[in-house]
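Colleague: Using only what follows, build the 3D model:
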Amino acid sequence: MSDTKTSGKVVKSEAEWRKELTPMQYAVLREKATERPFSGEYEHEHRKGTYTCAGCGQTLFESDTKFDSGCGWPSFTAPAADSHVDEERDVSHGMIRTEVLCSKCDGHLGHVFPDGPGPTGLRYCINSAALKLQPK
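Modeller: All right, here's what the predicted structure looks like:
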């Protein structure tokens with residue numbers, strides 16, 4: 001594997017990403033696509049565990065912060081560690097949103113909205129294709 005680590009970042013060529021990821025994972029993580037609502041593998045997942053990045057394996061979310069928001073994608077109230085996700089302003093599709101990215105590989109995960117439950121009031125709306133569940 002020819003990962004180039006730059007300040008802890010995972011950097012790969014597009015060919016390497018295409019080889020390692022499924023077409024849906026590639027579309028979501030590398031091309032900022034969104035899976036159809038209610039179609040993702042983890043939308044109705046209730047097992048305990050840790051959700052990691054499907055691109056690089058970094059820990060992203062814990063199952064105890066997952067909740068059913070009814071939006072059609074897995075939703076979490078907070079990341080496992082603030083430093084594991086980056087947020088960027090997204091003005092695509094005629095909306096102003098906050099995009100959520102894996103801080104290690106810059107993979108697109110989804111978006112965060114200020115309409116979640118307590119204690120954070122946040123809803124991290126994340127594509128299943130960007131995640132891998134490590135059951136506990």
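Colleague: Look at the most centrally placed residue in the chain and give its secondary structure.
Modeller: Against the mean C-alpha coordinate of the chain, by C-alpha atoms, centre = their mean, the closest residue is L109 at 2.7 Å. Assigned state for L109: strand (three-state reduction, DSSP: H, G, I helix; E, B strand; the rest coil).
Colleague: And the pLDDT for it?
Modeller: At L109, the model reports a pLDDT of 98.
Colleague: repeat for the one 3 residues further on
Modeller: As predicted, V112 sits at a pLDDT of 97.
Colleague: Please report how far it lies from P23.
Modeller: V112 sits 26 Å away from P23, taking C-beta to C-beta, to the nearest Å as the criterion. Using the backbone N, CA and C atoms, a C-beta is placed for each residue, glycine as well.
Colleague: Can you pick out the residue with more neighbours from these two?
Modeller: Of the pair V112 and P23, V112 is the one with more neighbours under other C-beta atoms under 10 Å, namely 23 against 10.
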